[in-house]
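[1] Everything below, folded, please.
(chains A and B)
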2 protein chains.
Amino acid sequence: MDAAEFRKRGKEMVDYVADYLEKIEKRQVFPDVEPGYLRPLIADCAPQDPESFEDVFKDIEKIIMPGVTHWHSPYFFAYFPAASSFPALLADMLCGGIGCVGFSWAASPACTELETVMLDWLGKMVNLPEEFLAGKDGQGGGVIQGSASEATLIALLAARTKTIRQVQSEKPELTETEIMGRLVAYASDQAHSSVERAALIGAVKIKNVPSDATFSVCGSALRKVLDEDKAAGLIPFFFCATLGTTPCCSFDKLLELGPICNKENIWMHIDAAYAGSAFICPEFRHLLNGVEFADSFNFNPHKWLLVNFDCSAMWVKKRSDLIGAFKLEPLYLQHHHQESGNFHWQIPLGRRFRSLKLWFVLRMYGVKGLQEHIRKHIRLSHQFEHLVLQDERFEICAEVVLGLVCFRLKGSNELNEALLKSINDAKKIHLVPCHLREKFVLRFAICSRTVESTHIKFAWQHISQLATDLLKTWEQNHHQQ
Amino acid sequence: MDAAEFRKRGKEMVDYVADYLEKIEKRQVFPDVEPGYLRPLIADCAPQDPESFEDVFKDIEKIIMPGVTHWHSPYFFAYFPAASSFPALLADMLCGGIGCVGFSWAASPACTELETVMLDWLGKMVNLPEEFLAGKDGQGGGVIQGSASEATLIALLAARTKTIRQVQSEKPELTETEIMGRLVAYASDQAHSSVERAALIGAVKIKNVPSDATFSVCGSALRKVLDEDKAAGLIPFFFCATLGTTPCCSFDKLLELGPICNKENIWMHIDAAYAGSAFICPEFRHLLNGVEFADSFNFNPHKWLLVNFDCSAMWVKKRSDLIGAFKLEPLYLQHHHQESGNFHWQIPLGRRFRSLKLWFVLRMYGVKGLQEHIRKHIRLSHQFEHLVLQDERFEICAEVVLGLVCFRLKGSNELNEALLKSINDAKKIHLVPCHLREKFVLRFAICSRTVESTHIKFAWQHISQLATDLLKTWEQNHHQQ
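    Numbering: from 1, shown residues only, chains lettered A, B, ... in the order given. Modelled structure (predicted):
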């Protein structure tokens, strides 16, 4: 394919994508296929000779689309939102065209520099303390990671290195292995599994801190485990606070936790993967109060800020802590490190020109446009909450703060599992569940950029009707038993 | 921006990208900017109100392009190639449009399934042993990672978990910490720094195995360090073999190393990041002989197989080893894991629909088209090699096997540093150096998809002329001293 054909096919693809997103509402939100559906539909091996674009293009609707879960359908209420917007798609086209691999400043200066400046823009939008910004000569700054999981891992590794060095300087009789064996990280029992995974990768212990009745970790809970562990000879070194937990969007109490971490010399990382985008609205910024105590902070514009995946924004107060994590400089690390660029800040060496997406989206929406998007989602979640509250068969299971509503039928877990199954089997909308303590709960997340009040009403009427049908047969079965 | 405007702007962007790539030769391959150039050119913070597409668009040439290193210029001979092709760009547009986040089968069945089948296609193209393929019910299979660094890390972590379990079952008196303290990984002294980094992250020792005169690790070298380390009570558990090292594209001797690793129960991972793409040509496939002894194998279609970054292909013989690495299932890991999908195979939870790029490229080029691309690059590197050899002022520093030529002026390192500086200061072509043992060497890598014989001739004449100029002043200075 030469440039001339690319011009033609590229424009067809633009129209295809525009059509897809414009008419996505007409597609069934969740596919009908069973595991293994795709393999029989395509060849066993790659063709020897080139196939035409037409042949490949027609297979999109034939082979791919039947197996796609349509994350941007206004009937998609599962997980958390995956951001998508037209400016981000345009920026990604440009990113692909330039096709540089920015692993050092020289490998593409614009790639490294735009990222630093965009993270300053974004940091200012959520009103991060000055220390987290790079500015012209700050010690802090931001970097784009692929996911919140990577950000958590990087933070944990930086904290591990820092603590090992500190302990070694205080107690030179301890070996690195001995110190490692005593390190312990902490996170809420509501935290994302990626925190535990980071600890597993980093080969350190991790413990759950019990959350309170509102699914938040408070200072006294952390204090208690810290005291126990220190008494047992362990070395607490890392606490991952969550703002907007995955199950129910609860918030750990930073203002209580931060001072404890600072006093105990524990790295505090804040994972605000979903909720972070909301902090661009002044009325929600208070949820971030206490960030001034943190060492690192992360949220995902690719979730809720209209920047297509992947774009996870991470800031640290001291860049040197991150760089240090990958530069212990033992004998075996004494060659060709690049000092410039952001490559010491992340696991992979290469990086796409992802900051272009931020640049396009922040400029073409403006802060106000993005605030509008966030506010609309939160308005819609409260609309859904009110509909649930008006139906006394149902209960709300956690405070609705942002765009997520956790709800269930009053009754057994089995009943609610059956309700979710009937919702997802009908495939008119798509939800996923969670567990809150022992309860099986349905999560209704406002996801699509184009979701409107009418879709919420439809979703509720549909759920309500399915509940009526279910309760009828459920009661019959119950009477029969 | 609504769908109607996206149709218009998307088509403009297609033309912009086509223009950029068609006329890239006219741009200076390496930018003139100095560190910090970008910040003064843009606002201090994001705009409150939306800006127009036109305003953003005109800033591409004004702000971004002056700071871009043009990786796809036919005058770019630095690092290794970054793949780029029109079919891959089209697939990436579709990937962005669909915008699913495939972290489990249900999150988007097509995303998970196409990836598995494409990795089988690709595995067959390089003639991987059957055990590495997923097929309908194989134990092996492939997955797309973001980079070779991630693949190496995942392999090392899987090996770590496997070994710890094994040692614990044999010697229950040892704690996990004690075992960790004895684990040792190995790689060539020519291996990429990401191997050392993986060990650093995984908190295990790593040792360099000395390469021979051809910069390859042979069996006896590995044997020697293994014996020493075992005698000292260490537990060797991981060896990363490199096919196509970064400095000079040398090849570790798999046929000697593999049987040793198998006998010693050491996980052998093969990092063929750059070279792997060449194995689709039967005449180069012999370089992969011995892969049958490996536990995992990785190469980067995003380097040399015309699939835009990021797309790093990794295969394992036993999927369960990878999954196990992230599922130790201690107390703190007993909740909501998803069993389906590929998410246990990687660091980040989310994944883009990257297999679409492979699907488009493999079909629209066909195996023959891709072989042609590889063969052209290798032909051009030999053309350059011959030009160097005809000039007795120069020497070739390592065997030219694929698309990389390592060369230098006969003489001091200072002289060659000065030559490289004059080449890169002139900015007509772009190269980077390496060290081979104590020698400072220039690396000439065939990179661009559109590079032709004329560009090679131009590059050589240019280098030759700069050498002449340099030697003249160098000798004068030398006489003056």
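[2] any idea how far A:D189 lies from B:V126?
    46 Å (C-beta to C-beta, to the nearest Å). In this view, the C-beta of every residue, glycine as well, is placed from N, C-alpha and C.
[3] neighbour count winner among those two?
    B:V126 (22 against 16; other C-beta atoms under 10 Å in any protein chain shown).
[4] confidence score at the more buried one?
    Per-residue confidence at B:V126 stands at 98 (pLDDT).
[5] Phi, psi for it please.
    Note on B:V126: backbone dihedrals following degrees, to the nearest 10 are phi -100, psi 10.
[6] tell me the secondary structure for the nearest residue to it once chain neighbours are set aside?
    Residue nearest to B:V126 in three dimensions, not counting chain neighbours: B:F279, with 4.0 Å by C-beta to C-beta, 6 or more residues apart in numbering or on different chains. Three-state call for B:F279 (DSSP: H, G, I helix; E, B strand; the rest coil): helix.
[7] Any idea how many residues pack against B:F279?
    22.
[8] Please apply the same query to the one 3 residues further on.
    By other C-beta under 10 Å, 9 other residues sit near B:P282.
[9] Ok, A:A199 next?
    A:A199: 27 neighbours (other C-beta under 10 Å).
[10] what do you get for A:A148?
    28.
[11] what sits against the closest residue to A:M1 other than its chain neighbours?
    With C-beta to C-beta, 6+ apart as the criterion, A:M1 has its nearest non-adjacent residue at 4.3 Å, and that residue is B:F86. Contact partners of B:F86, counting by C-beta atoms under 8 Å, 6 or more residues apart in numbering or on different chains, are A:M1, A:D2, A:A3, A:E5, A:F6, A:R9, A:G10.
[12] what two of those are the furthest from one another?
    A:D2 and A:G10 (12.1 Å; C-beta to C-beta).
[13] which of the two has more neighbours?
    A:G10 (25 against 9).
[14] Look at the more buried one and give its secondary structure.
    Under three-state DSSP, A:G10 comes out as helix.
[15] Isn't it up against B:D19?
    No - counting by C-beta atoms under 8 Å, A:G10 does not reach B:D19; the two are 11.8 Å apart.
[16] what about A:E51, neighbour count?
    If we define neighbours as other C-beta under 10 Å, then A:E51 has 17 of them.
[17] try A:D227
    A:D227: 12 neighbours (other C-beta under 10 Å).
[18] give me every residue that touches the spatially most central residue of chain A.
    Here the mean C-alpha position of chain A is nearest to the C-alpha of A:A273 (C-alpha atoms, centre = their mean), at a distance of 4.0 Å. By C-beta under 8 Å, 6+ apart, the residues touching A:A273 are A:F80, A:A148, A:H192, A:G244, A:N298, A:F299, A:N300, A:K303, A:S312.
[19] What of A:V68?
    A:P31, B:I98, B:C100, B:S108, B:P109, B:A110, B:C111.
[20] Could you report the pLDDT at the residue lying closest to the last one once chain neighbours are set aside?
    So the one you mean is B:C111. With sequence-adjacent residues excluded and distances taken as C-beta to C-beta, 6+ apart, B:C111 is closest to B:G102, at 3.3 Å. pLDDT for B:G102: 81.
[21] just checking, B:G102 touches B:F353?
    Yes - counting by C-beta under 8 Å, B:G102 touches B:F353, with 6.3 Å between them.
[22] Which neighbours do the two have in common?
    Common neighbours of B:G102 and B:F353 (C-beta under 8 Å, 6+ apart) are B:S108, B:C111.
[23] Helices along chain A, start to end?
    A:3-22, A:53-59, A:86-98, A:109-125, A:148-170, A:176-182, A:193-201, A:219-231, A:254-264, A:301-304, A:319-325, A:355-389, A:413-426, A:453-480 (DSSP state H).
[24] Could you identify which of those helices has the lowest mean pLDDT?
    When I compare these, helix A:319-325 is least confident, with a mean of 81.
[25] Can you spell out which helices and strands pack onto that one?
    helix A:148-170 (3 or more C-beta pairs under 8 Å, 6 or more residues apart in numbering or on different chains; DSSP states H and E).
[26] and the helix it packs on, which residues are buried?
    A:148-164, A:167 (16 or more other C-beta atoms under 10 Å in any protein chain shown).
[27] Same question for stretch A:415-425.
    A:L415, A:N416, A:A418, A:L419, A:L420, A:S422, A:I423, A:N424.
[28] And stretch A:442-456, what's buried?
    Applying 16+ other C-beta under 10 Å to stretch A:442-456 flags A:L442, A:R443, A:F444, A:A445, A:I446, A:C447, A:S448, A:R449, A:V451, A:H455, A:I456 as buried.
[29] ditto for stretch A:358-375
    A:358-367, A:369-371, A:373-374.
[30] can you name the two of these that are farthest apart?
    A:W359 and A:I374 (19.5 Å).
[31] restrict the buried residues of helix A:148-170 to contacts with chain B.
    A:A148, A:S149, A:E150, A:L153, A:L157, A:R160 (C-beta under 8 Å from any C-beta of the partner chain).
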